[in-house]
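J.: Everything below, folded, please.
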Amino acid sequence: MAVTNNVALQFDGQNDKLASEAGLAMGFANLWTISFWIKPTLYVPQAAQDSHHVLFHLKGATHRGEILIWGSKLEGAAQEEEIHIELYDSLGKRLRVTRFNKVQKRNEWRQFSCTWDGTNLIAYDQGLLVTDHVTSVSSNGSMNEPTGGRSLRVGGLIEDTQPSLAAWSGIIGHIGIWDTDLGPDQIGTIISGGFNSDLLTSSGLYTSNANLQHYWKPGDDFPNVGFDYAGNINLASGTNATATGINNVVTDQP
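T.: Numbering: from 1, shown residues only. Reported below is the predicted structural model:
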């Protein structure tokens, strides 16, 4: 898969989003890895009663099997930020809420990955295990695919995020979702390839290409910017991420 333009998607944290339709089977549930290339560019705090900017939101009916990932400014830090991850089990009960500290840096490309091995929520920043984290909710349960499927949104707003610090805007590159828990060796291979990595093909220590369920790869020329190269998700624009607006496609890469 040739990368010709090294483009990415820029979200302003207000109205831009990359979204799937509701009611689709995502192909991953109680064992998964989510990987982002992200570059925060602006922090816009919101009042507690407002909608909030999020990185990633996978939602089933009544929170069943839900994954919510959002970024916020780390209090007392000028450039470093934190990422919060909320998980809900198959019954819609809060399964885990963890804040991973100092994992974003303003105006710098970094690769963030999180895995759920059925019991533990683990995160990697630039391929290194994030040890600075705080878990506020921890319970037992599973994240099976809910009846009725789920919908998926990257960027944009969500109304039911409680913390007033929840905010994220910036540039997003490749997004990969696997139905297995990738370890640091495979993640390191992905990082070393940057935007030139083809997650559909095994390379070096990366051998989980067959487990790749969804791959949003804004790294090609039109009409393939943001195209979902695996699975059956239909994006908001039908085929690609230009639903966010042509001005949101920017030439940038890690």
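
J.: And the helices in this structure?
T.: Assigned by DSSP state H, the helices in the chain fall at 184-193.

J.: For D185, see how far away the residue most central in space within the chain is.
T.: Geometric centre of the chain, nearest residue: F56, 4.6 Å, by CA atoms, centre = their mean. Using CB to CB, to the nearest Å, F56 is found at 24 Å from D185. In this view, the C-beta of every residue, glycine as well, is placed from N, C-alpha and C.

J.: The residue nearest to the centre of the chain pairs with what?
T.: I69, V154 (DSSP bridges).

J.: thought it was touching V154?
T.: Yes. At 5.6 Å, F56 counts as touching V154 under the criterion of CB atoms under 8 Å.

J.: and for those two, which residues touch both?
T.: Here F56 and V154 share the contacting residues I175, scored by CB atoms under 8 Å, 6 or more residues apart in numbering.

J.: low-confidence ranges in the stretch 51-200 of the chain?
T.: By pLDDT under 70, the weakly predicted segments of the stretch 51-200 of the chain are 51-52, 73-80, 156-167.

J.: residue ranges of the strands in it, please?
T.: Taking DSSP state E, counting those that start in this stretch, the strands of the stretch 51-200 of the chain run over residues 52-53, 56-59, 67-73, 80-88, 94-105, 110-116, 121-125, 128-129, 133-138, 151-155, 157-158, 169-178.

J.: could you dump those to JSON lines with distance to L205?
T.: Formatted as JSON lines, the strands of the stretch 51-200 of the chain follow (distance: least, CB to CB, whole Å):
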{"stretch": "strand 52-53", "distance to L205": "34"}
{"stretch": "strand 56-59", "distance to L205": "25"}
{"stretch": "strand 67-73", "distance to L205": "25"}
{"stretch": "strand 80-88", "distance to L205": "25"}
{"stretch": "strand 94-105", "distance to L205": "22"}
{"stretch": "strand 110-116", "distance to L205": "14"}
{"stretch": "strand 121-125", "distance to L205": "14"}
{"stretch": "strand 128-129", "distance to L205": "15"}
{"stretch": "strand 133-138", "distance to L205": "25"}
{"stretch": "strand 151-155", "distance to L205": "27"}
{"stretch": "strand 157-158", "distance to L205": "35"}
{"stretch": "strand 169-178", "distance to L205": "14"}
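
J.: quick one: which of those strands is nearest P40?
T.: Ranking the strands of the stretch 51-200 of the chain by proximity to P40 (CB to CB) places strand 169-178 first, at 4.0 Å.

J.: Tell me which other helices or strands the closest one touches.
T.: strand 7-11, strand 32-42, strand 151-155, strand 212-216 (3 or more CB pairs under 8 Å, 6 or more residues apart in numbering; DSSP states H and E).

J.: Direction included, what does it pair up with?
T.: Paired with strand 169-178 in the same sheet, following DSSP bridges, are strand 7-11 (antiparallel), strand 32-42 (antiparallel), strand 212-216 (antiparallel).
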